[in-house]
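> Sharing a model that was predicted from the sequence below.
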Amino acid sequence: MIIGICAFTSKGWELADQIITAFPEHIFEKREKENALTQWAKHCFHLRSPMIFIGACGIAVRSIAPFVADKLEDPPVLVIDDKGQHVIPLLSGHMGGANELALQLSRRMQHATNRYPLQPVLTTATDVGAIFSVDVFARRNGFVIVNREGIQKVSSALLQRETLTLGISPSITYDKEDIPSFFTLEEDPLKGVDLWITDQQSSSVTATLTLLAKELVLGIGCKKETACEDIRKIIEHQSIDLTHVSAVASIDLKEKEYGLVAFCQKRHLPFHTYSAGDLQEVNGEFKTSEFVARVTGVGNICERAAAKEAGNGYQLILPKTAKDGITLAVAKRKVVIKSWETSSIS
């Protein structure tokens, strides 16, 4: 991730540096003193970067207020006091992952140093009450929320400890034994259900809330310092609808490739990387480049990365295509519900 971080005291900047050191896998962008706070916040919102304010909550609230627009689109915002006692997810706790990032900060910093306890202060009702969060479930399992007004209705019912009806398309793989007890699985969802989980673009099922599977996975390779805009162009040239994309994958050498990370982050696409050894183990027939093999240790990055991310039963629907130092492949994943766990605390 690209994470924005700012502080207002010497103690705060010392803590900021400790956080940066503890998370070497991420790209941190410090707010420079000459950069106005609102301009820095605007940049982070444009990039959808997680923002860490080390200072007062009021400062953070005033800084982000002009840019807050949509709970499903806004970036996560966290506040930490400059003594490192507490970390507070202020915005986008569920869909943006602010709650999870708060937990990661707490655990990582407690492991790295005993100076900063960073106790998470979570205020979302589902986390506080250990209640199933349907938006977190959707994000973690690669579904898009079709009718967003249904989130509040389903969440309210769950908070009241009601039992809800559930329908799942037969083409989706899941374990019936894993379904939480507060859902009753309907064998005939055409009668109508509270939650409908599907991989079909059109359906006659009436539901309070519908989750649609994002079946595509992008595999991307690129040269150093590739611009975010160039990645966007090659994807648009292939007429790929990003609303159907569940994740982007590449080799671990590209873990901090700014343009690639920025492209994914601006579009809320999870970005996962794999080692050359992991990619080499993927089964399938792939186009091979001897030059790429010498440089990276694997002869094809984009196809293998897409296949690896898509998992067992994948279909390579767009073989390797290349333009301006960028390689792109698209795989279709077999939709699997991997977990019903949604608590940030667990």
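Looks like it arrived, so ask away.
> Name the nearest residue to the most centrally placed residue in the chain, sequence neighbours excluded.
The residue lying closest to the centre of the chain (Cα atoms, centre = their mean) is residue 270, at 4.1 Å. In space, and not counting its chain neighbours, residue 270 is closest to residue 247: 4.4 Å by Cβ to Cβ, 6 or more residues apart in numbering. Where you see a C-beta, it was placed from the backbone N, CA and C, and this is true even at glycine.
> contacting residues for the closest residue to residue 161 other than its chain neighbours?
Using Cβ to Cβ, 6+ apart and skipping the chain neighbours, the partner closest in space to residue 161 is residue 182 (7.5 Å). The contact partners of residue 182, by Cβ atoms under 8 Å, 6 or more residues apart in numbering, come to 132, 158, 161-164.
> re the thing from before, shouldn't the residue nearest to residue 270 be within a helix?
No - going by DSSP: H, G, I helix; E, B strand; the rest coil, the assignment for residue 247 is strand, not a helix.
> what does the host helix or strand of residue 140 contact?
Residue 140 belongs to helix 134-141 when assigned by DSSP states H and E. Residues from elsewhere that reach helix 134-141 (Cβ under 8 Å, 6+ apart): 72, 94-95, 97, 126, 143-145, 151, 154-155, 158, 195, 209, 211, 336-340, 342, 344.
> What of stretch 30-49?
1-6, 16, 29, 51, 59, 63-64, 66-67, 73-75, 262, 265-266, 268.
> what about the nearest residue to residue 287 once chain neighbours are set aside, which SS state?
Nearest in space to residue 287, with sequence neighbours left out and distances taken as Cβ to Cβ, 6+ apart, is residue 320 at 4.9 Å. Following three-state DSSP, the label given to residue 320 is strand.
> next one: residue 3
Reduced to three states by three-state DSSP, residue 3 is strand.
> go on, residue 11?
helix.
> show me the contacts for it.
Residue 11 neighbours (Cβ under 8 Å, 6+ apart): 82-83.
> Name the residues that touch the helix or strand of the chain with the lowest mean pLDDT?
Lowest by mean pLDDT, DSSP states H and E among the helices and strands of the chain is helix 125-128, with a mean of 82. Under the criterion Cβ under 8 Å, 6+ apart, residues 93-94, 99, 122, 131-133, 136, 155, 158-159, 342-345 lie in contact with helix 125-128.
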